[in-house]
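Trainee: Here is a sequence with its predicted model. Questions after.
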Amino acid sequence: MKMNNIIEISDLTVSFKGEGYLLTAVDNLSLSVIHGETLAIIGESGSGKSVLGLAILRLLPDTAAISGSIIFQTQDILTLSEGMMEKIRGGKIAWIPQNPKLGFNPSMKIWKQVSEPIVLHTDSSWSEAKKQAIRLLRQYSILPPEKWAEEYPVAYSGGMLQRAMLAMGTSTIPSVLIADEPTKGIDAINKKDVIEMFNTQKERGITQIIITHDLDFASEVADRIAVMYCGQIVELTSVERFFTTPLHPYSVGLVNSLPQRGLSPIPGTSPSMHEKQAGCRFKSRCSLCSRVCSEEIPLFPVGYDNVRCIQYHNRNRAW
Amino acid sequence: MTMSGVSSIITGTGLGKTYQSGFFSHQKTFAVQDVDIEIKTGETYALVGESGSGKTTLGKILLKLISPTSGRIFYHNEDITDLQGPELIPIRRKMQIIPQHPEDAFNPRWRLSRSIMEPFLIHGQAQENGGLKNVLLELLAETGLNPDYAERYPHQLSGGELQRAAIARALALKPDFILCDEPTSMLDVSVQAAIIQLLLSLQKRSTISLLFITHDLKLADHIADRVGVMYNGHIIEEGSGILKSPMHPYSQSIVRGHKHQRPDQSIPSHESCPFVLQCPNKTEKCQTIPSVTDCSGRKIRCHHPFKYD
């Protein structure tokens, strides 16, 4: 494992077996997350982003078949006992779920829910944890925190709940924070708050993995972008280069779908995950598809980036 | 009721909606306040604003899904404000809605064919459109859906496909006005682009007027002929090119990404400008509510709008 990597995922495959089919949600994926960076994993619904996040936290159901390795610091998460995993989950690696309304217990006061990870993962008592929870609520602009700490989730607006969720997620100062679609259903005003919060966490040195399909949000918070399509990473690049010179035809399609880039949709739909795919997964929608695209291709380096497209073999960004 | 030679399809004058809650406290929420709006035939009008600014309430008032507390609604110059029940049925045929969450807008126990064709049954047009099966296939083709999908259940479709089905259902009775309530906010960026292009191409083909509700100003600016910016129940700026040259201080704050606090909706803004507490341009004059004025082709509710050369 390289010194500056905090997570190294190698050959990770996650599949779910159904009646007469095998659905491969994450397909032989390798990815390194650098210490202190904010990595955005983008892609359309069903591309395997959330499954990847859940695999890192080992929160997938028993029906999932998982192979490969996920090295966190020096340990392979996939081989740890459940007892060891409980110490990591919520302590060293925190998870912010997609819907904050569903992430809170509706019948428990907010202070107790924000304090819970502190009590579970440190030696603090409930009264000490409550004081820390109130400090965190203040830090995330839930004002006055003493009043809001005593409220139940129902009294909070969507944006406030998202902030409370981040306060809870970072209450133990985790090494890694994984957030699943933190801006889904949030309006422009609240989105600015969420951007500010993620940037604050970045300054606190927390490594962040953000699963999102919101490109505007990714452009504001991420250092690097991993583009997922049909369970594979098709491009790994810096946020600047993703928006200025995207390489993979799918990345080009995503950027061109933005209103400020002409709102040009990508033709067709992604292939069914129930069917076994061969070669480039994007070939049925790609205008540059040729005979060679039926061959399997790995993610390979092109300049500073990594891309999974045969067009770049022996070529250097000559698109 | 015409402006610039183009007839208006729907007009609201002095519209207001106040909600009252609490058995004893009678707490009031001023959701829409003194709004004048005119949507022209064949135009795309986008309403932009943060959550709680009154966009959806205003859209539903225009559709007569909510009764206004004050003001009048005109559909093709006919006052429809006081119409009730059966009197509204002919108008309901012509005004449709595309929801934000298509998964909640379909009966999960019905096949899509039944949901999409339901408007024909409700409006008693089953006989006059004898070949219902053909109409269904036409609607599916028009919205880019595979004909086999007719026999599927909602859970068997993706979010984008289900939104296409919702559009097919909205088009079934050939409406001339469609309210699109954040139809793409839950969709992936590439699917969002496909749905919007579909709506715009359908609009061009059959001269439908669209009222597009969104909180994405970039999207609104790209697709709409005119944009109305809502704040605290008021339309505070209306016109085209707002993204490039916002004139109202609130519009400028959302374009520039400045932070501001949400307004207190329990206080009516009859007396002072609704944005006065956070406005960089405020003066003593702003303690009086500004009227809507024409300014460089825009309608502005502000005493001190920004000016551009």
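Mentor: That came through, no problem. Numbering: from 1, shown residues only, chains lettered A, B, ... in the order given.
Trainee: Please count neighbours and contacts with C-alpha atoms only from this point.
Mentor: Noted.
Trainee: Tell me which residues touch residue A:273, please.
Mentor: Residue A:273 is in contact with A:23-25, A:230, counting by Cα atoms under 8 Å, 6 or more residues apart in numbering or on different chains.
Trainee: My reading is that it lies in a helix. Confirm?
Mentor: No - assigned with DSSP: H, G, I helix; E, B strand; the rest coil, residue A:273 falls outside any helix and is coil.
Trainee: Phi, psi for it please.
Mentor: With angles defined as degrees, to the nearest 10, residue A:273 sits at phi -70, psi -10.
Trainee: Check it and give its pLDDT.
Mentor: Each residue has a pLDDT score; the one for residue A:273 is 74.
Trainee: Tell me the residues on chain A that lie near chain B, please.
Mentor: Counting by Cα under 8 Å from any Cα of the partner chain, the residues of chain A close to chain B are A:43-45, A:184-185, A:187-189, A:192, A:213-215, A:253-254, A:257-260, A:262-266.
Trainee: Would you list the buried entries among these?
Mentor: A:43-45, A:184-185, A:187-189, A:192, A:213-215, A:253-254, A:257-259, A:263-266 (16 or more other Cα atoms under 10 Å in any protein chain shown).
Trainee: from the residues you listed, which ones fall inside strands?
Mentor: Counting by DSSP state E, no part of these is found in strands.
Trainee: Going by secondary structure, the spatially most central residue of chain A is in what exactly?
Mentor: With distances taken as Cα atoms, centre = their mean, the residue of chain A nearest its centroid is residue A:211 (2.7 Å). Using DSSP states H and E, residue A:211 falls within strand A:207-212.
Trainee: Is residue A:179 in contact with residue A:198, as I believe?
Mentor: No - with contact defined as Cα atoms under 8 Å, residue A:179 does not reach residue A:198; the gap is 9.8 Å.
Trainee: Show me where the stretch 201-309 of chain B has its strands.
Mentor: B:209-214, B:226-231, B:234-239, B:293-295, B:298-300 (DSSP state E, counting those that start in this stretch).
Trainee: In TSV, list those strands along with mean neighbour count.
Mentor: Below are the strands of the stretch 201-309 of chain B laid out as TSV (neighbours: other Cα atoms under 10 Å in any protein chain shown):
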stretch	mean neighbour count
strand B:209-214	24
strand B:226-231	25
strand B:234-239	26
strand B:293-295	14
strand B:298-300	21
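Trainee: For the ones you listed, give me a markdown table that also has distance to residue B:99.
Mentor: As requested, the strands of the stretch 201-309 of chain B are arranged in a markdown table below (distance: least, Cα to Cα, whole Å):
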| stretch | distance to residue B:99 |
| --- | --- |
| strand B:209-214 | 10 |
| strand B:226-231 | 19 |
| strand B:234-239 | 22 |
| strand B:293-295 | 33 |
| strand B:298-300 | 28 |
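Trainee: Relative to chain A, which of the ones you listed is closest?
Mentor: Chain A sits nearest to strand B:209-214 of all those, at 9.1 Å, using Cα to the nearest Cα.
Trainee: now the end-to-end length of stretch A:73-87.
Mentor: 14 Å (Cα to Cα, to the nearest Å).
Trainee: same question, stretch B:210-219
Mentor: First-to-last distance for stretch B:210-219 - Cα to Cα - comes to 14 Å.
Trainee: what about it and chain A, touching?
Mentor: Yes - looking at stretch B:210-219 against chain A by Cα under 8 Å from any Cα, the contacts come from B:215-216, B:218-219.
Trainee: Would you state the strands of the stretch 51-200 of chain A in chain order?
Mentor: A:64-72, A:75-76, A:93-96, A:176-180.
Trainee: Quick one: residues contacting the closest residue to residue B:26 other than its chain neighbours.
Mentor: Leaving out its chain neighbours, the residue that sits closest to residue B:26 by Cα to Cα, 6 or more residues apart in numbering or on different chains is residue B:20, at 5.8 Å. For residue B:20, the contacting residues are B:26-29, by Cα under 8 Å, 6+ apart.
Trainee: could you redo the last one with a cut-off of 10 Å?
Mentor: Taking Cα atoms under 10 Å, 6 or more residues apart in numbering or on different chains, we find residue B:20 in contact with B:26-30, B:266.
Trainee: Narrow those to just the buried residues.
Mentor: Counted by 16+ other Cα under 10 Å, the contacts of residue B:20 give B:29-30 as buried.
Trainee: of all the contacts of residue B:20, which two lie farthest apart?
Mentor: B:26 and B:30 (12.5 Å; Cα to Cα).
Trainee: name the helices or strands packed onto the strand or helix carrying residue B:195?
Mentor: Remark: residue B:195 resides in helix B:189-206, with elements defined by DSSP H and E. In terms of contacts (3 or more Cα pairs under 10 Å, 6 or more residues apart in numbering or on different chains; DSSP states H and E), helix B:189-206 is packed against helix A:249-256, helix B:132-142, helix B:159-171, strand B:177-181, strand B:209-214, helix B:217-223.
Trainee: What's the mean pLDDT across the shortest one?
Mentor: Strand B:177-181 shows a mean pLDDT of 94.
Trainee: Next, the contact list for residue B:104, please.
Mentor: Residue B:104 neighbours (Cα under 10 Å, 6+ apart): residue B:154.
Trainee: For it, give me the backbone phi and psi.
Mentor: Dihedral angles (degrees, to the nearest 10) for residue B:104: phi -90, psi -10.
Trainee: Sketch out the low-pLDDT regions of chain B for me.
Mentor: Residue ranges of chain B with pLDDT under 70: B:1-5, B:25, B:125-130, B:259-260, B:262, B:269-270.
Trainee: near chain A, which residues of it show up?
Mentor: B:49-52, B:144, B:158-161, B:185-197, B:214-223, B:254, B:257-262 (Cα under 10 Å from any Cα of the partner chain).
Trainee: what about burial for those residues, which qualify?
Mentor: Of these, these count as buried by 16+ other Cα under 10 Å: B:49-52, B:144, B:159-161, B:185-197, B:214-223, B:254.
Trainee: distance of residue A:195 from chain B?
Mentor: Distance, residue A:195 to chain B, by Cα to the nearest Cα, to the nearest Å: 11 Å.
Trainee: burial count for residue B:224?
Mentor: 21 (other Cα atoms under 10 Å in any protein chain shown).
Trainee: Do I have it right that it meets residue B:240?
Mentor: Yes - look at residue B:224 against residue B:240 with Cα atoms under 10 Å: they come within range, at 8.0 Å.
Trainee: for residue A:255, what are its contacts?
Mentor: Neighbours of residue A:255 in contact, by Cα under 10 Å, 6+ apart: A:215, A:242-246, A:249, A:261-266, B:189-190.
Trainee: again, 7 Å this time
Mentor: A:243, A:261 (Cα atoms under 7 Å, 6 or more residues apart in numbering or on different chains).
Trainee: Repeat that for residue A:124.
Mentor: residue A:118.
Trainee: State the distance from it to chain B.
Mentor: 35 Å.
Trainee: quick one: pLDDT of that residue?
Mentor: Looking at residue A:124, the pLDDT reads 93.
Trainee: Could you do residue A:171 as well?
Mentor: Model confidence at residue A:171 (pLDDT) stands at 88.
Trainee: how deep is residue B:162 tucked in, by neighbour count?
Mentor: Residue B:162: 23 neighbours (other Cα under 10 Å).
Trainee: swap in residue A:279?
Mentor: Neighbour count of residue A:279, defined by other Cα under 10 Å: 15.
Trainee: out of the helices and strands packed on helix B:189-206, nearest to residue A:102?
Mentor: That would be helix B:159-171 among the helices and strands packed on helix B:189-206, by Cα to Cα, at 20.1 Å.
Trainee: Good, we can wrap up now.
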